[in-house]
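**Q** need coordinates for the following:
(one chain, ligands or ions: 1)
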Amino acid sequence: MAKIKPQKRLGQNFLIDDAIANAIVREADVKGRDVLEIGPGTGALTFKLADVAKRLVAVELDRRLYNRLKERMEQRENVVLVWGNIMNVNLDDFFEGQFAVVANLPYYITTPIIMRLMEFRAKIDKVVVMVQKEVGRRIVAVPGSKDYGALSIAVQYNAIPELVLEVPRECFKPQPAVDSVVVRMRMREKPLVDVNEENFFKVVRAAFSSRRKTLLNALYGNIAGDKNVLRKVIVECGIDPGARAETLSLYQFACLSNKLEQLLF
Ligand code: SAM
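**A** Next up is the predicted model:
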């Protein structure tokens with residue numbers, strides 16, 4: 001078989017450590033389940049997932065890899081290979097009920113993919129993905145830590161995340177510049193806080209828009225033009241107006257969003 005040259009721009013760092021692939025599939029725990037794999041690539045996880053899943057849908061963007069895998073998967077009746085971009089594929093076309101997501105994610109597009117999966121909260125019950133270590137830290141970060149930000153909040157609003165495996169860069173070919181981790185996100189039945197979602201994330205984005213600014217100054221101009229009203233709302237939520245966004249819990253962001261909604265949105 002001719003070798004396929006990996007494309008860096010598509011985040012093609014293939015997993016070459018069989019023990020890690022086994023560990024990911026074990027941690028995913030998808031026996032008898034419907035599963036979505038994003039970017040099956042050369043199939044390091046795909047064959048193992050197909051062995052245990054009830055049905056596996058694998059979406060690959062690179063036509064060369066898709067074709068190669070299609071040939072090798074021909075005998076697998078429980079596998080549907082899709083040539084496409086995960087950001088555009090309509091997952092409702094492929095799954096009737098709930099499904100789990102397992103992937104070694106392409107690094108150039110990790111955050112947009114995770115955000116998209118969060119939007120499918122109602123149909124997904126867990127997401128088990130390999131990401132860059134730094135992204136994994138941001139996903140599980142708690143308020144007050146340097147990694148805490150809009151990604152932590154978006155994930156924790158929808159899911160309960162945990163780091164399950166550390167994966168050194170030597171486990172990939174070509175070798176990336178950084179180490180990786182596997183993160184498991186169990187989707188919540190309903191979001192952690194009761195908010196108008198659009199407004200909540202507007203407040204979160206504004207609060208983190210400038211990390212050097214105090215909360216009051218970050219929200220001022222972005223969310224409201226009246227500083228006194230803003231200060232009052234912030235204090236009513238039990239927050240110091242001089243605090244910075246990265247110290248606020250989801251509950252405090254929810255309080256801000258709910259109070260500001262009545263006043264401003
Ligand atoms: N699963 C394989 C493994 O573990 O070795 C490959 C993982 S590699 C990090 C990421 C894979 O995602 C590549 O096969 C790449 O072609 C594919 N990919 C990149 N962007 C994609 C996209 N937008 N939609 C679907 N697949 C994508």
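**Q** ranges for the strands of the chain?
**A** Taking DSSP state E as the criterion, the chain contains strands spanning 14-15, 34-38, 55-60, 79-83, 99-104, 124-132, 159-167, 172-173, 180-187.
**Q** possible to save the ones you listed as a markdown table with mean neighbour count and distance to Leu260?
**A** C-betas here are computed from N, CA, C, even on glycine. Supplementary listing: those in a markdown table, determined by neighbours: other Cβ atoms under 10 Å; distance: least, Cβ to Cβ, whole Å:
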| stretch | mean neighbour count | distance to Leu260 |
| --- | --- | --- |
| strand 14-15 | 18 | 45 |
| strand 34-38 | 25 | 36 |
| strand 55-60 | 24 | 38 |
| strand 79-83 | 18 | 42 |
| strand 99-104 | 26 | 33 |
| strand 124-132 | 22 | 30 |
| strand 159-167 | 17 | 25 |
| strand 172-173 | 18 | 45 |
| strand 180-187 | 22 | 27 |
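**Q** how near is the residue nearest the centre of the chain to Glu236?
**A** Relative to the mean C-alpha position of the chain, the nearest C-alpha, by Cα atoms, centre = their mean, is the one of Ile114, at 2.5 Å. Using Cβ to Cβ, to the nearest Å, one gets 33 Å for the distance from Ile114 to Glu236.
**Q** ok, and the closest non-adjacent residue to the residue nearest to the centre of the chain?
**A** In space, Ile114 comes closest to Val155 once its chain neighbours are excluded; the distance is 6.7 Å by Cβ to Cβ, 6 or more residues apart in numbering.
**Q** wait, isn't the one you found in contact with Glu162?
**A** No. Using Cβ atoms under 8 Å, Val155 is not in contact with Glu162, being 11.0 Å away.
**Q** what's the overlap in contacts for those two?
**A** Shared contacts of Val155 and Glu162 (Cβ atoms under 8 Å, 6 or more residues apart in numbering): Met185.
**Q** if we can go back for a sec, check what pLDDT the residue nearest to Ile114 gets.
**A** pLDDT recorded at Val155 is 98.
**Q** and it, how many neighbours?
**A** 23 (other Cβ atoms under 10 Å).
**Q** and if you look at Val233?
**A** Using other Cβ under 10 Å, Val233 has 24 other residues around it.
**Q** for Lys8, same thing?
**A** The local packing of Lys8 (other Cβ under 10 Å) involves 12 other residues.
**Q** how close does it get to the ligand?
**A** From Lys8 across to the ligand, the span is 10 Å (Cβ to the nearest ligand atom, to the nearest Å).
**Q** for the ligand, what is the nearest residue in this structure?
**A** Per Cβ to the nearest ligand atom, Gly39 is where the chain lies closest to the ligand, at 2.1 Å.
**Q** please name the residues that touch that residue.
**A** Neighbouring residues of Gly39 by Cβ under 8 Å, 6+ apart: Gly11, Val59, Glu60, Leu61, Ile86, Ala103, Asn104, Leu105, Pro106.
**Q** would you reformat those residues as TSV and include pLDDT and distance to Asp92?
**A** Conversion of the contacts of Gly39 to TSV gives the following (pLDDT from 0 to 100; distance: Cβ to Cβ, whole Å):
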residue	pLDDT	distance to Asp92
Gly11	94	25
Val59	98	14
Glu60	98	19
Leu61	98	19
Ile86	98	14
Ala103	98	19
Asn104	98	24
Leu105	98	21
Pro106	97	23
